[in-house]
Each structure stands twice: as C-alpha cells, then as structure tokens.
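Participant: Fold the following and give me the result.
(3 chains)
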Amino acid sequence: PSSESSSQVKPGADSKQEGYENLLVTSEDRITKILLNRPTKKNAITTQMYHEIMLALKAASQDDSVLTVLTGSGDYYCSGNDLTNFTDIPPGGVEEKAKNSSFLLRDFVNCFIDFPKPLVAVVNGPAVGISVTILGLFDIVYASDRATFHTPFSHLGQSPEGCSSYTFPKIMGSSKAAEMLIFGKKLTAGEACAQGLVTQVFPDSTFQKEVWTRLKAYSKLPPNAMRISKEIIRKNEKEKLHAVNAEECNVLLSRWQSDECMNAVVNFLSRKAKL
Amino acid sequence: PSSESSSQVKPGADSKQEGYENLLVTSEDRITKILLNRPTKKNAITTQMYHEIMLALKAASQDDSVLTVLTGSGDYYCSGNDLTNFTDIPPGGVEEKAKNSSFLLRDFVNCFIDFPKPLVAVVNGPAVGISVTILGLFDIVYASDRATFHTPFSHLGQSPEGCSSYTFPKIMGSSKAAEMLIFGKKLTAGEACAQGLVTQVFPDSTFQKEVWTRLKAYSKLPPNAMRISKEIIRKNEKEKLHAVNAEECNVLLSRWQSDECMNAVVNFLSRKAKL
Amino acid sequence: PSSESSSQVKPGADSKQEGYENLLVTSEDRITKILLNRPTKKNAITTQMYHEIMLALKAASQDDSVLTVLTGSGDYYCSGNDLTNFTDIPPGGVEEKAKNSSFLLRDFVNCFIDFPKPLVAVVNGPAVGISVTILGLFDIVYASDRATFHTPFSHLGQSPEGCSSYTFPKIMGSSKAAEMLIFGKKLTAGEACAQGLVTQVFPDSTFQKEVWTRLKAYSKLPPNAMRISKEIIRKNEKEKLHAVNAEECNVLLSRWQSDECMNAVVNFLSRKAKL
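Facilitator: Have a look, this model is predicted:
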C-alpha cells in the first residue's frame, strides 16, 4: 500500500500525539504530509487552524523528512479563510479583531516564506482565497483537474494577501494576475497551469497515485542539495517577500475596518445562511 | 442598447465639452471609455493626442467611474507614434525636437504608471509601437483575434519605451521579450495571450459584446477594494517603473539624434509616400 | 550555399588562427558563430573549453559582427560540465580544486551577463546543466524539437548556477522553475517553449535552414539600435545578476567539498564507466 493510502487508513497516532484538531499530520517515506481535515466545512481555515498549520510547519521543518506536503481532505483543497472568523468579535471590538487577524495572517504567511525545505501543494480540489495566494510561495503545485483557483477579494471588499500582489504578477504577468486579484476571475486547473501558478495538472482519477509516486521518487534525492537549492532560489527575494507580506497585512488591517468590507462580508454570510 | 453602442451612436456631448480633437471620451455604467478617434490614420498618436490622452486620463482618475478603458476607433487599435511628429522641427532644431519628444514621452508614460484606478485596454485591432509597450502597465488587456502586436524599434533605429524593457521580460521571459523588442517580431493575439501580454482573446465577431458585458459586471464590484488592490500590486514596482521610464526616455533622446535613426525614419516615410 | 553550410564545409581558417581546440568560430553575414566542437563527448565542457568560450565571446564582442550565436556540433547541443573536471585534483587538494572551479564558473557566467551584443542560442539537440542554466542570459533561444533541457543538480549533490536561481523563476514562475532546478525534471523543447525558456521550436528536419534564414534577416537591422535595445533591457538587472552569480558560485564552492556531492559524482562516474 502506498503511504498515501496507509496514512488514510490509520491516520491517528502522530496527529493525536501532536494534538491537532483539524489537521492530520503523518510522516512516511521521508515526506511529511499536512492534511487539512475539516472536510464538512470544505477545509475552511479557522483561527485555530492557522495556529495548527504554523505548528505543523514548524515541526516539519525540524523532523527528518525532506519534503513537506500540504493537501486537503474530501472534495475541496481549501475554501480559504473561514468567514465566521469575522464574527467572533473580542471585547476590544472590530479594531482589536482586525489587529489580531492582521498579526495572525502576517505570522502565518511568514511561515511559508521562511519554510526551509521543499514545499509541495497537492491541490485535490477547489482552492479559494488564502489557500490560493500562498501557492506562489510553494516550490511545487500539483493539481487535480477538478481543482479551481479563486480569489474573490474585491467581492468581499478585501485585498490580496499571501504575497500574491508580488508573486502572481511575477508568475503570470500583470494582466493575468490582475484579473484574478482585482476582479476575482476563477481559473480552471488547466488555466492555472498555463499561467505558471500550477506545476502540472493530473486527471482526478489517477491524481493521488501519480503525484505520490513522483514525490516518493523526489524524496530519495540528496536532501542537502534540495534544501540548499531551495534556499538559494528563495534568498533572491526573501527580503522583498517579507516586506510585501507586512504591507499587505497592513492594508488589510484598514480594509477589515471599512464599511465596504463589513457590508460585503455580512451580505455573504446572510446569503449563505439562507441556502 | 449597450453602453458600447450607445456611446457610438451619440458620441458627442462629453467629448466636445472637454475639447478633445482626436479622442471620444464617454462615461457610462461606472466605466470611462477613452476612444482613440483618428481612424483614417489608424489612430496614430500625434503630439497633440499625447496631450489629450494625458488630459483624459487625469479626468478619468478624478471622475466617479471605477474602471477606465482605452480603445480604438475603426480597424486599428493604434498604429503607434505618428512618425510625422518627427518632421515638425522647431527653431532649436533636431536637438530641441528630441528633447521635447523625450519629455513628452516620459510624462505620457508616467500617467500610465501612476493611474490610480483599474485600467483596461480593449485592443480592437492591430497595435504598434508605444500602444503595445504601455500594455505592460495596464491591469487587463482584452484583444480581438484580429489584433496583432508589433514593436519595430530596431527597424526604425530606435529602442524600447513604455517601460517595456522592464515589463516585457517580466511578463513573457527574456527570450520572448527580446525577439519582440530587439528584433521586431510581430505577435498574433493568440501568441500575445500565451505569453501573458494579453489577458484573453475573443473572436472579433463577438469581441465588443463579450468584453463590455464582462467589464460592466466588474464595474459593479466594491470600488475601493479594486482601487486598493491595484494600488498594492503597483506599489511593488512603482519606483522601479519610474526609473525605467526615465532611463528609456534618456536613451531615446540620444537615439533620435543619431544618423541611424534619422535615416531609418526618412526611409520609412519616403517608402510610405510612394505607396 | 547558406553561411551555415559554408561554415561547415570549410570551417578551418578562423578557428585555427585563434587556436581553439574544441570550438569552431566563424564569422559571416554579420553573424559570429561559436560552435561547440567536441561531438564525441556530446560537447561536454572541459576546463579548457570554459576558457576558450570566454575568449571567443570576448573576440565576438569586439569584431564587426552584430549577432553572436552559440550552438553545438553533432547530435547534442551540450551535455554540460565535463564531470571528469572533478577528477583532476591539483596539489592543493579538493579545496583548491573547488576554489578554482568556483572562480572559473563565476568568470564564465559573467561573460554572458556582460556580453554587449544580441546573443542567440541555437539548441540543436539535448542540453544539460550549465548549458541550460545560462540560457536565461541569452536574448533568443531557438530549439530543434529534438532538444531537451535537463538540470540534474540535486541528483549530483549540487545546486543551481548560471543565474538560474534568479532567471528561471522570473521566466517560468516559481513552481515550474523549482521542479527543474530542485528536482531535476527534464523538459521537452515544447515544454521549455511554453514556459518561456525557449523562444521558438522548429522541426529538426528544417531547423538549421529556418533558424539561419531568420538570423540573417535580423542581422541586417540597424546594429546600434539592437545593441542599445539589449543594453537597456539588461541594465535593469545587471547588478542583480552579478550578485546572484557570485552567491551561486559561493554556495557551489561549499557543495563541491561536501560528502553528498562527492559521493554522487563518484557514483555517476563509476556507473558511466561500467556502461
């Protein structure tokens, strides 16, 4: 049995030891797999999950694996930020909430900028928002042909994060990036691959098998060479990425307190509640 | 009737008020449309038109529209710099002419670098020279499948402008950019789209309908979010773009005074006169 | 007869005057062609050939040609660094060897960064290692459909050079670049073209004819305009490229002295010896 199926058959030991509520983290064949495991909510990321993902990345950076994989459980890869995060207002009110969210986002994205080992996204289905924008910080992005890529920031009165304001124009050129980031155009897996956001697309029926076969082969390469090759590539823009992340989070801090954003989110949540 | 057809049926009021000679500027559905309106000359840009376009962009940046569109009247999008501009030599001679042209070009391109709202090119037909190079400064570039993209700088003894020496390698990679910018390779709409210069290509028969339907939908999104999203994307390279523009104009200042350039332009104009 | 065939029929005079052992350098139709001429070794680059290529580039930068072409003799374009270079250990041992190699590589790549005229790669067959990574420094890359592009650095315990850690992510986006540079994915000519590394692919049967016809046409364009257009494009990142080159060579200096690299190279050479 493949590590993939084995980790789905007996998922428990590692992850329960680590105490993750919404992740399953397994390590096999020199690959650490971080599985977003909230399938009934399309793997939407709650405040707690942001913290859990950061912990899992920190652990993966220090374990003896050579590759780290992020993937989703169920039909979705990840539906992005759980918008109910916005409704949990602390005593300090909307301003405090916005500050906390901005700090959390910055720390979260920094973990991806600074992650020292090759990082692979196995995009098993639709991806939305923050789960899309941070793809520009991965080394490899494999996608099922069922995957889609959607960043509806303007629709929600918000603005780009995950360094996408810098990485997307670099990856796909300004005129493709803007249609996604400013106007919320949703890309198919094929489009995302043609535009360089995705490394390769696989038929959904053979996606898991093909991807894990390839990753296991890669995991046998000399580990220091891979880590150092990633480091030298990332070094060229690490400082810029940190500056972009800080600026994006700063802009969102004020966006989240704007009427435009609050109205858009309330409308979204009430439409959803009516479904 | 669509805003597109209505603005073509009764084009006059706004533009005459504004006093544009070779532009038609209309505003409808939160979209300001700047139409290059010199179809008998394939919308070649005269010295006066450079000034008119700058004025129209300044007005659009301050009106209550949320999107600004540049497009062409007739078969061409724009045939580029009107080379008869070169023949209108002031009392100060070629040097003064070159200086004036260099300043004008720098100001013109700066308007596109600094334009604060999402900016869309609706490329209805062939595009040449400066009308191609500034596309790297637009947020969206929609093209008819009749459009072509041609920058014959070397043929005319000149060198790249519109920040294309920076934006084109970034958008399409160095080896595709150089074939356009150094060797004057003409791209089809499909090639320009595959290389990221164009966002999407539409069949000419449905071009206007499909494009304006999409733009009207985009114009209904929260305007501040769109403006701020553009701002954060542009901010990453605004300083670099201004430096590149200044350098390109500086190089052209000396190119325009070179024998190589003067001979190439004279040959071009005399060949054209014989047709 | 074309310059191509004529330079193959009577290759000698120039190159023998220049004293190249493994290059044939010819100049015709305002094009200087540097032919890697070690076909029995798939044009693998020995220490001496690095020096010869640098000399040939220096000569080409000063002759009266307007285009410079690098291409390969026989079935291969170039199989990369000749790994027997590693086995020629000087009295100072592995450390001195690594230092010499690192300095040589830096000087070699600097020649491509600083080359002042339009530079064209005519990739007639498979390309490996350093011959692939420096393609990001060329202005045009034409490839036969027999060509492949392979950078197996990790397999050999090494890391990217030729500025590829910077140019490849810029050209093809981070997630395509990393699969090549970190995991050694081999690209077909079509893939390399879709990802922007290659300007255009031609059928092998007509490759030489089509490419040289096009290059001869380009060589007739105004030479100063072409040189200055290249200069203004390169100027935008020349400083960055030199810094990246220095850093890459510095990292390789320590990689080459690592057990991981030495074991990988020894294994490679002994596997090859058994064939």
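Participant: Next one: the residue in the stretch 51-200 of chain A positioned nearest to chain C, what pLDDT does it get?
Facilitator: Across the stretch 51-200 of chain A, the shortest distance to chain C (C-beta to the nearest C-beta) belongs to A:G196, at 3.1 Å. For glycine as for every other residue, the C-beta is placed from the backbone atoms N, C-alpha and C. Note on A:G196: pLDDT of 96.
Participant: where does it sit relative to B:E95, distance-wise?
Facilitator: 45 Å (C-beta to C-beta, to the nearest Å).
Participant: between the two, who's got more neighbours?
Facilitator: When neighbours are counted by other C-beta atoms under 10 Å in any protein chain shown, A:G196 and B:E95 differ, and A:G196 comes out ahead with 27 against 12.
Participant: Grab the nearest non-local neighbour of the more buried one.
Facilitator: C:G173 (3.1 Å; C-beta to C-beta, 6 or more residues apart in numbering or on different chains).
Participant: ok, now A:N224?
Facilitator: A:N224 sits nearest to C:E260 (C-beta to C-beta, 6+ apart), 5.2 Å away.
Participant: Helices along the stretch 1-150 of chain A, start to end?
Facilitator: A:3-9, A:12-18, A:47-62, A:93-114, A:130-133 (DSSP state H, counting those that start in this stretch).
Participant: Give me the helices and strands touching the shortest one, please.
Facilitator: The helices and strands touching helix A:130-133, judged by 3 or more C-beta pairs under 8 Å, 6 or more residues apart in numbering or on different chains; DSSP states H and E, are helix A:164-172.
Participant: pLDDT on the helix it packs on, on average?
Facilitator: On average, helix A:164-172 scores 97.
Participant: Ok, stretch A:60-79 next?
Facilitator: 97.
Participant: Please measure how far the first residue of that stretch sits from its last one.
Facilitator: From its first residue to its last, stretch A:60-79 covers 23 Å (C-alpha to C-alpha, to the nearest Å).
Participant: A:E239: neighbouring residues, count only.
Facilitator: A:E239 has 10 nearby residues by other C-beta under 10 Å.
Participant: what's the spacing between it and chain B?
Facilitator: 13 Å (C-beta to the nearest C-beta, to the nearest Å).
Participant: Please tell me how far that residue sits from A:E161.
Facilitator: 18 Å.
Participant: Would you mind listing the residues in contact with the residue nearest to A:N224?
Facilitator: A:222, A:224-225, C:157 (C-beta atoms under 8 Å, 6 or more residues apart in numbering or on different chains).
Participant: ok, which pair from the residues you listed is furthest apart?
Facilitator: The most widely separated members of the contacts of C:E260, counting by C-beta to C-beta, are A:N224 and C:G157 (7.4 Å).
Participant: SS state for the residue of the stretch 51-200 of chain A closest to chain C?
Facilitator: coil (DSSP: H, G, I helix; E, B strand; the rest coil).
Participant: Would you confirm that it contacts C:K176?
Facilitator: Yes. The criterion here is C-beta atoms under 8 Å, and A:G196 meets it with C:K176 at 5.8 Å.
Participant: Give the residues shared as contacts by the two.
Facilitator: C:Q195.
Participant: Now do the strands in chain A.
Facilitator: Counting by DSSP state E, one finds strands in chain A at the ranges A:23-28, A:31-36, A:67-72, A:119-123, A:127-128, A:140-144, A:148-150, A:187-188, A:200-202.
Participant: can you list those in a markdown table and add distance to A:C111 and mean neighbour count?
Facilitator: Below are the strands of chain A laid out as a markdown table (distance: least, C-beta to C-beta, whole Å; neighbours: other C-beta atoms under 10 Å in any protein chain shown):
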| stretch | distance to A:C111 | mean neighbour count |
| --- | --- | --- |
| strand A:23-28 | 14 | 20 |
| strand A:31-36 | 11 | 25 |
| strand A:67-72 | 11 | 25 |
| strand A:119-123 | 10 | 27 |
| strand A:127-128 | 18 | 27 |
| strand A:140-144 | 17 | 28 |
| strand A:148-150 | 21 | 21 |
| strand A:187-188 | 25 | 20 |
| strand A:200-202 | 25 | 19 |
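Participant: could you dump those strands to a markdown table with distance to C:T68?
Facilitator: Converted to a markdown table, the strands of chain A look like this (distance: least, C-beta to C-beta, whole Å):
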| stretch | distance to C:T68 |
| --- | --- |
| strand A:23-28 | 51 |
| strand A:31-36 | 45 |
| strand A:67-72 | 41 |
| strand A:119-123 | 40 |
| strand A:127-128 | 45 |
| strand A:140-144 | 36 |
| strand A:148-150 | 42 |
| strand A:187-188 | 40 |
| strand A:200-202 | 35 |
